[in-house]
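*Asks:* Provided below are the primary sequence and the corresponding predicted coordinates.
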Amino acid sequence: MKHISFKVSAVLILFVSLNANSYSQWVKTNWPASADTTFTVHLALDGSALYAGTTAGAFRTMNDGLSWTDINNGLPREYVNAMVIFMGGLYVGTDGAGGLFRTSDDGGSWTNLNVTNTGVNAVFVSNSTILAGTGLNGLKVSTDNGSTWSTVAGHGSTSVWAFANIGTNWFAGTDGEGVLLSKDNGATWSAVNSGLGNLHIQSFLVQGTTLYVTTAGGSGAGVYVSKSYGSNWTKVSNGLPADYVFGLAASGSNLFAAVGAASTTKGGIYCSTNNGSNWTAVNTGMTGIESAGAPCVAASSANLFTGGAGVWKRPLSDFSTAGVSHNSLGSGSVEVYPNPTTGAVTLRGAGAGQQDIRISNMLGETIMRNTEQATGDLRLDLSSLPTGTYFLECNMRGSVARKMIVKQ
């Protein structure tokens, strides 16, 4: 067995593919010319349907962005603040008069729910109850599917930007009051902010009974997690820019964060493979994203999507990790194990001959390259690497093995 020792201060990822020349990267979907002057700020998924909310209305694709349909017949071409799907209906909160609209025919027609004349920032739907978070008129509730509305007592001036629920525990993310919790279908709310270092809430992500929240602007901004229905919060933002985290998405064991740009920090999409403990930028291919920032992120069963100047996508397979001790990769015979690892991995099935080994970071930048003459299995000593995630590429007579490896 050939032994190779690498001394680099990065995290490693191994790929297997028959494409020998390039990493996968972000690509822009076929954004319609009519929307070229808009900025995509929200994304919502419903099966094969992906909805994009922009600074001038909404659009839909049924084929992962190969083509888009304008769905603004009856929907004002205004800034879309929120998009929520419930029981086949799409709810859209906008900046303009009326504020909240609903369609039950994929955007063919829209009904104005007349909640407010100052715009709606966030929407939550549960059976016939609808919550609408506004910027100026507080927290609104309807118990008759939007026919009539009232202001929640004590929250006539609360600015709500996000909603989530874990069972009967309903959460509202506010601008300045932190996280509010209701256990009575939105009738009463109480603050649950212990451990939160920033009370300007942007978004939630629910993973089972685990609740993540993103905060934006000022001291303590970042990502926080609670496993106690909001009773206590822990910050999980190592590697994230400190300013604006607009949204989160999850796929398997991976978390993705949409991060805004600031004068001294880079924005874009960041990935965590360890429940938010560490984050790495994954922006290869998206021109200007680090200076413009990413306003949203969503994950389907096959692709990761983000907005900004149009809608961009990247295969989730780029980020897949193996959580077993012995992992067969791709369609070939190459195996890499153990993965995750605490020290070394073995690359089996590459065969005898010259092996070109390349290590690169999440941006695709080469950190180290070695050429080895192998007679069998290759053992890679990763003990000098800190905990995290990197890229290792092994070129085997024109075929390339590459896959994510987690170093613990």
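*Replies:* Looks like it arrived, so ask away.
*Asks:* Paired strands for whichever strand or helix holds Ile85, with orientation please.
*Replies:* Per DSSP states H and E: Ile85 is located in strand 80-86. Strand pairing for strand 80-86, determined by DSSP bridges: strand 89-94 (antiparallel).
*Asks:* gap between the partner strand and the chain center?
*Replies:* Computed by CA atoms, centre = their mean, to the nearest Å, the chain-centroid distance of strand 89-94 equals 20 Å.
*Asks:* next SSE after that strand?
*Replies:* Next in sequence after strand 89-94, counting helices and strands by DSSP H and E, comes strand 100-103.
*Asks:* For that next one, C-alpha coordinates in PDB please.
*Replies:* What follows is strand 100-103, C-alpha atoms only, in PDB (Å, rounded to 0.1, in the frame of the first residue of the first chain):
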ATOM      1  CA  LEU A 100     -51.000  39.700   1.000                       C
ATOM      2  CA  PHE A 101     -52.200  37.700  -2.000                       C
ATOM      3  CA  ARG A 102     -53.100  34.100  -2.500                       C
ATOM      4  CA  THR A 103     -53.300  31.900  -5.600                       C
END
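*Asks:* In what element of secondary structure is Gly239 found?
*Replies:* Assigned by DSSP H and E, Gly239 falls within no helix or strand.
*Asks:* just to revisit the earlier point, can you list the buried residues in the strand holding Ile85?
*Replies:* Neighbour-count burial for strand 80-86 flags 80-84 (criterion: 16 or more other CB atoms under 10 Å). The way it works is simple: take the backbone N, C-alpha and C, and place the C-beta from them, glycine included.
*Asks:* for that strand, the distance to its chain's centre please.
*Replies:* That offset, for strand 80-86, works out to 16 Å (CA atoms, centre = their mean).
*Asks:* I'd like the mean pLDDT over it, please.
*Replies:* For strand 80-86, the per-residue pLDDT values average out at 93.
*Asks:* related to what we said a few turns ago, output the buried residues of strand 80-86 as JSON lines; include the columns distance to Leu131.
*Replies:* JSON lines is the format used below for the buried residues of strand 80-86 (distance: CB to CB, whole Å):
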{"residue": "Val80", "distance to Leu131": "18"}
{"residue": "Asn81", "distance to Leu131": "14"}
{"residue": "Ala82", "distance to Leu131": "11"}
{"residue": "Met83", "distance to Leu131": "15"}
{"residue": "Val84", "distance to Leu131": "10"}
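*Asks:* Go through those residues and say which is closest to Gly133.
*Replies:* For the buried residues of strand 80-86, the residue nearest Gly133 by CB to CB is Ala82; the value is 7.9 Å.
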